[in-house]
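K.L.:
build me a model from this:
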Amino acid sequence: MRQPRFHPLLLCLALAPLIRASAQQDNTDPTPGAVMGQLVAHETGLPIPGASVALTGTPLATKTDSLGQFALTGVAPGVFLLEIRAVGYATASWRLTLKPGKVLTHLFELELLPYELPEVVVRGKQPLSVRRFADFERRRRAGMGYFLTQEQIERTNPTSLIDVLATVRGVKQVCLTNDCFAIMARSPPGCYPQYFLDGHESTPYFARNTPPQDVRGIEVYRGSAEMPGEFTGSNSGCGVIVIWTKSAP
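P.N.:
Take a look at the predicted model:
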């Protein structure tokens with residue numbers, strides 16, 4: 001008895017629905033997969049910790065660990081967009097395709113954002129003479145005592161420092177045997193003011209013979225009521241005269 005024979009074309013036509021069903025089943029396989037990776041800086045290759053990693057359009061998100069590594073599990077197969085954000089880096093995204101039940105691993109890189117440094121102003125240290133004379137201006141603004149600036153001194157065109165001091169209210173000039181002194185008008189006889197030259201206690205003779213053209217400023221304190229603490233000297237009770245020169249160190 002002869003066995004029935006199947007024509008090849010008829011066999012293909014008969015199997016076609018089964019082949020299509022099988023292929024359709026493979027394309028819709030819901031087996032989840034995973035995305036794993038490491039995030040590094042493009043410039044240095046160093047890991048970036050604490051970055052936010054998310055699959056856009058899904059609730060799946062995580063952060064990179066101290067080594068820049070991360071893992072997203074339970075990811076449905078398909079095409080999706082992975083977005084990564086990190087402080088100081090440009091946000092980036094990758095279009096990935098995940099097959100059913102597969103684990104996708106990749107090394108991700110972020111570019112550093114340009115960073116503009118704040119402006120730095122470098123100021124050199126001022127000379128000691130300038131810093132000392134700044135205190136002269138501070139005390140002058142406070143209004144205690146009497147002050148003569150370089151411009152005021154030059155306008156009087158004096159021949160000696162005593163000529164300058166004699167213009168100060170409350171100061172008088174006393175001359176003995178061709179030597180003149182400046183004393184406070186209310187001081188008793190023989191009570192001569194204490195001199196300071198460029199911030200240091202000085203002898204009366206040396207200070208009062210300073211050439212007027214070398215003087216930058218003068219402070220006169222006529223009594224204890226207007227005396228600043230930094231000029232308390234051995235003879236301050238008779239008044240204080242402070243001389244600042246242009247060539248002070």
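K.L.:
within the sheet, what are the partner strands of the helix or strand harbouring Val174, with directions?
P.N.:
Element membership for Val174 (DSSP states H and E) is strand 171-176. Sheet pairing here is set by DSSP bridges, and for strand 171-176 it gives strand 179-184 (antiparallel).
K.L.:
which parts of the partner strand are buried?
P.N.:
For strand 179-184, burial by neighbour count (16 or more other CB atoms under 10 Å) applies to 181-184. Where C-beta positions appear, they are placed from N, C-alpha and C, glycine not excepted.
K.L.:
identify the residues contacting that strand?
P.N.:
Contact with strand 179-184 is made by 160, 162, 165-166, 170-175, 191-193, 204, 208, 222-223, 238-239, 241, as judged by CB atoms under 8 Å, 6 or more residues apart in numbering.
K.L.:
who does the helix or strand that that strand is followed by touch, helix- and strand-wise?
P.N.:
Next along the chain after strand 179-184, taking DSSP H and E as the criterion, comes strand 194-197. Where contact means 3 or more CB pairs under 8 Å, 6 or more residues apart in numbering; DSSP states H and E, strand 194-197 is packed against strand 200-202, helix 204-208, strand 240-245.
K.L.:
redo these as a markdown table? Include mean neighbour count, distance to Ala61 and mean pLDDT.
P.N.:
Shown next, in a markdown table, are the helices and strands packed on strand 194-197 (neighbours: other CB atoms under 10 Å; distance: least, CB to CB, whole Å; pLDDT from 0 to 100):
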| stretch | mean neighbour count | distance to Ala61 | mean pLDDT |
| --- | --- | --- | --- |
| strand 200-202 | 15 | 72 | 86 |
| helix 204-208 | 15 | 80 | 79 |
| strand 240-245 | 24 | 70 | 90 |
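K.L.:
just put those in a markdown table and tack on distance to Pro59.
P.N.:
Compiled in a markdown table, these are given as follows (distance: least, CB to CB, whole Å):
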| stretch | distance to Pro59 |
| --- | --- |
| strand 200-202 | 78 |
| helix 204-208 | 86 |
| strand 240-245 | 76 |
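K.L.:
nearest to Gln152, of these?
P.N.:
Nearest of the helices and strands packed on strand 194-197 to Gln152, taken as CB to CB: strand 240-245 at 13.1 Å.
K.L.:
thinking again about what came up before, the helices and strands packed on strand 194-197: which one's closest to Trp94?
P.N.:
Of all these, strand 240-245 sits nearest to Trp94, with 72.0 Å by CB to CB.
K.L.:
what is that closest one packed up against?
P.N.:
Strand 240-245 sits against helix 128-142, strand 194-197, strand 215-221, with contacts defined as 3+ CB pairs under 8 Å, 6+ apart.
K.L.:
could you tell me the least trusted of the ones you listed?
P.N.:
Mean pLDDT is lowest for helix 128-142 among the helices and strands packed on strand 240-245, at a mean of 77.
K.L.:
who are the packing partners of the helix or strand following that one?
P.N.:
Scanning forward in sequence from helix 128-142 by DSSP H and E, the next helix or strand is strand 146-149. Applying 3+ CB pairs under 8 Å, 6+ apart, we find strand 146-149 packed against helix 128-142, strand 215-221.
K.L.:
and whichever helix or strand comes after strand 146-149, how far out from the chain middle?
P.N.:
Next in sequence after strand 146-149, counting helices and strands by DSSP H and E, comes helix 150-156. Relative to the chain's own centre, helix 150-156 is displaced by 43 Å; criterion: CA atoms, centre = their mean, to the nearest Å.
K.L.:
now what about helix 150-156, what contacts it?
P.N.:
By CB under 8 Å, 6+ apart, the residues outside helix 150-156 that reach it are 163-164, 167, 212-213, 215-218, 246.
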